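Visitor: Generate coordinates for the sequence data below:
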Amino acid sequence: MIKTLNRNRTKKVSALILLSLYQLISSFPFHAHGYEVDTFQFSGERTMNLIRKQVAFGPRSPENVKSKENTLRFIHDSLKPYTDAITILPFKALGYRGHNLLANFSGRSQAPRPKLMLGAHWDTRALADRDQNYFKRDSPVLGANDGASGVAVLLELGRLLSNSRQAVDVDLIFFDLEDMGGINGLPFSIGAQSFVEKNPDYRPNAGIIVDMVCDKNLRIPKEINSFNAAPEIIDKVWESARRQRAEVFKNEFGAAIIDDHVPFLASGIPVVNLIHYPFPRTWHTSNDTIENCSIDSLEQVGRVLLDFISTFQSDASRSAAASKLD
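Guide: Here you go, the predicted model:
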């Protein structure tokens, strides 16, 4: 009887020790290839609020001048406390005036630093031309998903990047006039095309475009143009998705989509596109509202991007160390 009691006490003590060790280990940030990154710092709730603030301005299409001014100011002011440099880049193209915005987060390493570009379009479509209600097709799209979600993810990343920069430079670029494609014969990605043309010396080592990432039924397959031109980046993103158990990333191929990555790919810059496909039912309709957005979808995408940034940093650090040995 006494031995049984002692054995039970020993088991209880051992269990308590194991539980304490588990809790201690679980409290550590996730490590990707040796670089510390706490991916759970990314807040889907905060990101959802950033979407809410954008849609409160109204549609961000060319004819809504005041709404666009307010949104551009909001993006600028949201990033200003965190970034090393922020620049608004006005441009004229195809009879329209637009504004791209670039925010830089410099790495801390003294060695030559690789550059990672993360981009999203901040404008919204001028016509809800896929709406089931014929009488709404001439109305502009509010763009909670197609416009505001990518911007919100980048703004939340900017807040976190200011505290965790190490081996690389990260640029956040917000492109205007992406969603005019097919309206009066206009192409998609006018702002991104203008940026590439006006900045021929801008050559990031890699880039990711984030577009339509808040739907409640989000699914992100491997976009074909991205995979064909930059398979190594696609592979690394999906490795990050596996580590983060991000179920919205599907291990399958989607379609070849025209988005803001295409002008970069045409210039030989490896930029991939993370986008919902098949396009959600709210795409280019009056139903692209915040009610159809998901905090969980936003968190999955944000955690994967943070993991990818960490891996990118680790690869850069190893390359720098190898060059010193040479």
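Visitor: Going by C-alpha atoms from here, please, whenever you check contacts or count neighbours.
Guide: Will do.
Visitor: Ignoring the adjacent residues along the chain, who's closest to I51?
Guide: A148 (5.3 Å; CA to CA, 6 or more residues apart in numbering).
Visitor: In contact with that neighbour, which residues?
Guide: Residues in contact with A148 (CA atoms under 8 Å, 6 or more residues apart in numbering) are L50, I51, Q54, V55, W122.
Visitor: at 7 Å instead, please
Guide: In this structure, A148 makes contact with I51, Q54, W122, judged by CA atoms under 7 Å, 6 or more residues apart in numbering.
Visitor: That one belongs to a helix, doesn't it?
Guide: Yes - under DSSP: H, G, I helix; E, B strand; the rest coil, A148 falls within a helix.
Visitor: What's the PyMOL line that selects buried ones from the contacts of A148?
Guide: Buried residues within the contacts of A148, by 16 or more other CA atoms under 10 Å, are selected in PyMOL with:
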select buried, resi 51+54+122
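Visitor: would you turn the contacts of A148 into a markdown table with pLDDT, distance to G95 and secondary structure?
Guide: As requested, the contacts of A148 are exported to a markdown table (pLDDT from 0 to 100; distance: CA to CA, whole Å; DSSP: H, G, I helix; E, B strand; the rest coil):
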| residue | pLDDT | distance to G95 | secondary structure |
| --- | --- | --- | --- |
| I51 | 99 | 29 | helix |
| Q54 | 99 | 25 | helix |
| W122 | 99 | 19 | coil |
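Visitor: Please enumerate the strands of the stretch 151-300 of the chain.
Guide: 169-175, 206-211, 220-222, 249-253, 271-275 (DSSP state E, counting those that start in this stretch).
Visitor: swap in the stretch 1-150 of the chain?
Guide: Listed in chain order, the strands of the stretch 1-150 of the chain (DSSP E, counting those that start in this stretch) span residues 30-32, 35-37, 85-93, 96-105, 115-121.
Visitor: among these, which is the most enclosed?
Guide: Greatest average neighbour count among those goes to strand 115-121 (a mean of 25), per mean count of other CA atoms under 10 Å.
Visitor: just to revisit the earlier point, return the most buried member of the strands of the stretch 151-300 of the chain.
Guide: Using mean count of other CA under 10 Å, strand 271-275 ranks as the most buried of those, with a mean of 27.
Visitor: other SSEs contacting that strand?
Guide: Applying 3 or more CA pairs under 7 Å, 6 or more residues apart in numbering; DSSP states H and E, one finds that strand 271-275 makes contact with strand 206-211, helix 224-229.
Visitor: Now with 6 Å, please.
Guide: strand 206-211 (3 or more CA pairs under 6 Å, 6 or more residues apart in numbering; DSSP states H and E).
Visitor: Can you pull out the residues in contact with the strand it packs on?
Guide: L116, M117, L118, G119, A120, G150, P270, V271, V272, N273, L274, I275 (CA atoms under 6 Å, 6 or more residues apart in numbering).
Visitor: now the angle from that strand to strand 271-275?
Guide: If you take axes from the mean of the first three to the mean of the last three CA atoms, to 10 degrees, strand 206-211 sits at 20 degrees to strand 271-275.
Visitor: So for strand 206-211, mean pLDDT?
Guide: The predicted model gives strand 206-211 an average pLDDT of 99.
Visitor: Leaving out the residues flanking it, which one is nearest to P263?
Guide: Ranked by CA to CA, 6+ apart and with sequence neighbours excluded, the top spatial neighbour of P263 is Q193, at 5.4 Å.
Visitor: Could you tell me the per-residue confidence at the one you found?
Guide: For Q193, the predicted pLDDT is 99.
Visitor: Please apply the same query to G107.
Guide: The model's pLDDT for G107 equals 84.
Visitor: Please tell me how far it sits from K115.
Guide: To K115, G107 is 9 Å away according to CA to CA, to the nearest Å.
Visitor: shared neighbours of the two, which are they?
Guide: By CA under 6 Å, 6+ apart, the residues touching both G107 and K115 are V168, D169.
Visitor: what's across from the spatially most central residue of the chain in the sheet?
Guide: Centroid-nearest residue in the chain, with CA atoms, centre = their mean: V210, separated by 4.3 Å. Beta bridges link V210 to L274, judged by DSSP bridges.
Visitor: hang on, the earlier thing: neighbours around the residue nearest to P263, how many?
Guide: Q193: 21 surrounding residues under other CA atoms under 10 Å.
Visitor: do the one 4 residues further on as well
Guide: One way to gauge burial is a neighbour count; for E197, by other CA under 10 Å, it gives 14.
Visitor: now K53
Guide: 16.
Visitor: Going forward, the N-terminal residue is numbered 799.
Guide: Done: numbering now begins at 799, and the last item shifts to K851.
Visitor: quick one: it and I873, what's the gap?
Guide: Using CA to CA, one obtains 10 Å as the distance from K851 to I873.
Visitor: closest one to I981 among the strands of the stretch 799-948 of the chain?
Guide: The closest of those to I981 is strand 894-903. By CA to CA, the value is 12.7 Å.
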